[in-house]
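A.B. asks: Turn this into a structure:
(2 chains)
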Amino acid sequence: MTDELPRTGAAADAAGGDALPAAGQPLLRIEGVAKTFGTFRAVDGVSLDIKAGEFLALLGPSGCGKTTLLRMLAGFEAPDEGRILLGDKDIAQALPHERPINMMFQNYALFPHLSVRDNIAFGLKRAGMARADIAARVAEMVALVKLEGLEKRRPDQLSGGQRQRVALARALARRPQLLLLDEPLAALDKKLRENTQGELMELQRRLGMTFIVVTHDQEEAMTMASRIGVMNAGRLAQVASPRELYEAPRSRWIAEFVGDVNVFDGETRLRDGHRLVIGTRDAGTLVVAEPREPVGAGKFSIAIRPEKIKLSRRAPVSEVGRETTINIIDGVIADICYLGGTTTYKVKLDTGGIVRASVANSARLDVDAYSVGQQIVAWFTPDDCVVLPS
Amino acid sequence: MSSRRIFARPARFAAIAPYVWMALFFLVPFAFVLKISLSQTAIAQPPYEPVFDLTAGWDALRAAFAALSIDNFKLLVSDDIYVFAYVRSLTVALTATALLLLIGYPIAYGMARLPKSWQAVAMVLVIVPFWTSFLIRIYAWINILQHDGLLNQILLALHLVGQPVVWLSTDSAMYIGIVYSYLPFMILPLYATLAKMEPALEEAAGDLGAPPWQVFWLVTFPLSLPGVGAGVLLCFIPIVGEFVIPDLLAGSNSLMIGQTLWLEFFTNKDWPVASAAAIVLLLVLLVPLLLYERLQKRQLEQGR
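C.D. replies: Numbering: from 1, shown residues only, chains lettered A, B, ... in the order given. So this is what the prediction gives:
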């Protein structure tokens, strides 16, 4: 069985080398994979292509199936349906030790009875590497994650950050075609987490390796990943770049899950070229840009990110020759939430609804700040609005 | 301030309580036995001399001390009966402990891998024999193992044997009895260590290329060694001194030290030799205990 599968880097080295797919070429194809535990359908028909060299994040609330999907890629769970193609081999039923895929575990799962060196060497020994090669590779890995001098320590003699590095080095040592990371930074404190994010990205770029990271932290996913797969109730809701996910979410659920958003429900009143006029209950009549895939008449939700909503004391004057259609709504400041870099204002609209507007605190002295009860104008352009099926 | 004083006393008592217990119920009896082991038999009440009489005055006490000797210990070393009994006890205990480990480990491993709700059920099943008296369970085995007992009936019905097998008064019967009786003491510490082991560790080993048997030998087994040590000691030590099971199930041609001790004490009425045999047994059992202690300490200090 092992021989039919693509080898791991370590095994491949021992066998005389085995070319990995070039960056950008498809590496792994997940086809209609599903997994049921009892009556609970944890993963419900997921299909996804992963390209060599990409950094993909699986993002979702707990119980969405992201960890189960990752465990199926590692081989700890066998899918009930579907195929997992690595190259042109279906590895869906292969055992973990038969896959050229390694995983970094959420709580690191370092072997407590082995030293740092032996933890890192564990996978290399299993691959049957020569002693001298193992020593060289371990030294290389130790240097890579900056753990020099700690080789003889046991895991319980290391700090959390050091343990995280050992786990990473151990998972990278075999030079896997694909590295899976299960909540790799969840156990670190905030400052360390931010530094480590950067290091992980740097490492991934330098090694040209393919990473799939599972996380429930959207900032972490946005920062690190080149592509994010959002999962909900066992399905992939959207797979897109961080920017596209944020600016062009495909459903109301995604818009609300990723970042903060104001949502108004409404109905199409009029179509004017590439503009839609939509009547909403809470925000009056709004002019919005027609989405890329044209929609028919009917009920829609309009999503606007808080930072897209501008506030001013008077209605803005449109400049000649520019887009002139602007949605302008009068309102009163209802609540102020100061966050340091930004301030979120809750505005009670005269049309009945409430919007949250996020304003950058670009001046140190609050000459421009508004106060509760102040009359205000909230405005945004048609392009700031995302039209979503209701 | 006053509340501190109120709570400080029970706390201090709790700290010394184990030592008081050990002094009262181990050291004092041990001193008695040690004294008797250095005495000589006598046809008297108690059946040994000298007898310390604290009211007889200083000189009498000194004479009593002078009368103590290590002759009984010399006898233990010079007489084959005792040496054989010790060797047999250790052999039986080693064999039985090895069997217990071989049988107990897979059971404990299986229990630890059961769904959580079933683990409690399995635990009760392991402990449930304790509901019945130990002696009665051994008598039940006599019933099962006798000439027309249940075991022979089953073997005959399955045509595995043509004639009833003689089980009683054999070493096989004794090992069956010992393994049966001590199995919970092997399973429980093993189960405790295996159940609290992080499943991700075994997954990590598999992920790093170890096939299942390597996962077991390189990760699961080394990490369960504290449980193995505890289970082995919990079985080995009492089995060395075991009396009831060999007496009821094994033959009478070679005796374990527990049986020899009993004979000296009740049949020969030789309390001093019986006491000396008990002291030597204690010293013999101290060796594995100290070894285990040192092993654990070393594991704690440097690991691996």
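A.B. asks: Spell out which parts of chain A neighbour chain B.
C.D. replies: Neighbours of chain B within chain A, by Cβ under 8 Å from any Cβ of the partner chain: A:8, A:10-11, A:74-76, A:95-97, A:101-103, A:105-107, A:109-115, A:122-123, A:126-127, A:154, A:170-171, A:174. Using the backbone N, CA and C atoms, a C-beta is placed for each residue, glycine as well.
A.B. asks: 7 Å instead, please
C.D. replies: Contact residues of chain A with respect to chain B, defined by Cβ under 7 Å from any Cβ of the partner chain, are listed as A:74, A:76, A:95-97, A:102-103, A:105, A:107, A:109, A:111-113, A:115, A:122-123, A:126-127, A:154, A:174.
A.B. asks: Filter those down to the buried ones and hand me the ChimeraX line.
C.D. replies: Typed into ChimeraX, the line below selects the buried ones among these, using 16 or more other Cβ atoms under 10 Å in any protein chain shown:
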select /A:74,76,96,97,102,103,105,109,111,112,113,115,122,123,126,127,154,174
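A.B. asks: Out of the residues of chain A next to chain B, name the ones that lie in strands.
C.D. replies: Using DSSP state E, A:Asn102, A:Met103 are the members of these that sit in strands.
A.B. asks: Show me the residues of chain A next to chain B that map onto helices.
C.D. replies: Secondary-structure check on those using DSSP state H: residues within helices are A:Ala74, A:Phe122, A:Gly123, A:Arg126.
A.B. asks: What residues does A:Leu114 make contact with?
C.D. replies: For A:Leu114, the contacting residues are A:Phe122, by Cβ atoms under 7 Å, 6 or more residues apart in numbering or on different chains.
A.B. asks: And it, its phi and psi?
C.D. replies: Dihedral angles of A:Leu114 (phi, psi; degrees, to the nearest 10) stand at phi -120, psi 150.
A.B. asks: mind checking pLDDT for it?
C.D. replies: Each residue has a pLDDT score; the one for A:Leu114 is 95.
A.B. asks: And A:Val320, by the same measure?
C.D. replies: According to the prediction, A:Val320 has pLDDT 54.
A.B. asks: One more: B:Arg5?
C.D. replies: pLDDT recorded at B:Arg5 is 56.
A.B. asks: Over to B:Met1?
C.D. replies: Confidence per residue is given as pLDDT, and for B:Met1 that number is 47.
A.B. asks: again, but for A:Lys299
C.D. replies: The predicted structure scores A:Lys299 at 83 on the pLDDT scale.
A.B. asks: Equivalent analysis for the one 10 residues further on, please.
C.D. replies: For A:Ile309, the model assigns a pLDDT of 94.
A.B. asks: In terms of pLDDT, where does the closest residue to B:Val179 other than its chain neighbours sit?
C.D. replies: For B:Val179, ignoring the flanking residues on the chain, the nearest one in space by Cβ to Cβ, 6 or more residues apart in numbering or on different chains is B:Leu99 at 5.3 Å. Reading off the confidence values, B:Leu99 has pLDDT 98.
A.B. asks: Any stretches of chain A with poor pLDDT?
C.D. replies: A:1-21, A:294, A:318-324, A:366-368 (pLDDT under 70).
A.B. asks: buried ones in the lengthiest helix in chain A?
C.D. replies: When chain A is scanned for its longest helix (criterion: DSSP H), the result is helix A:190-207. Buried residues in helix A:190-207, counted by 16+ other Cβ under 10 Å: A:Arg193, A:Thr196, A:Gln197, A:Leu200, A:Met201, A:Leu203, A:Gln204.
A.B. asks: From A:Val145, how far off is the closest residue to the first one other than its chain neighbours?
C.D. replies: If the residues on either side of it in the chain are set aside, A:Arg193 comes closest to A:Leu185, at 4.6 Å by Cβ to Cβ, 6+ apart. Computed as Cβ to Cβ, to the nearest Å, the A:Leu185 to A:Val145 distance reads 14 Å.
A.B. asks: again, but for A:His216
C.D. replies: On the measure of Cβ to Cβ, A:His216 and A:Val145 end up 24 Å apart.
A.B. asks: And for A:Glu290?
C.D. replies: Counting by Cβ to Cβ, the gap between A:Glu290 and A:Val145 amounts to 50 Å.
A.B. asks: The two: which is more packed in?
C.D. replies: A direct count of neighbours by other Cβ atoms under 10 Å in any protein chain shown for A:Glu290 and A:Val145 places A:Val145 higher, at 20 against 15.
A.B. asks: How much space separates that one from A:Gly373?
C.D. replies: The gap separating A:Val145 from A:Gly373 is 55 Å, by Cβ to Cβ.
A.B. asks: what does A:Val213 give?
C.D. replies: With Cβ to Cβ as the criterion, A:Val213 and A:Gly373 are 46 Å apart.
A.B. asks: Between these two, tell me which one has more neighbours.
C.D. replies: Taking neighbours as other Cβ under 10 Å, A:Val213 and A:Gly373 compare with A:Val213 leading, 26 against 10.
A.B. asks: Torsion angles phi and psi at that one?
C.D. replies: Backbone torsions for A:Val213, taken as degrees, to the nearest 10, come to phi -120, psi 130.
A.B. asks: neighbours of the closest residue to it other than its chain neighbours, just the number please.
C.D. replies: Spatial nearest neighbour of A:Val213, chain neighbours left out: A:Leu181 (4.2 Å); criterion: Cβ to Cβ, 6+ apart. Residues contacting A:Leu181 under the criterion other Cβ under 10 Å number 26.
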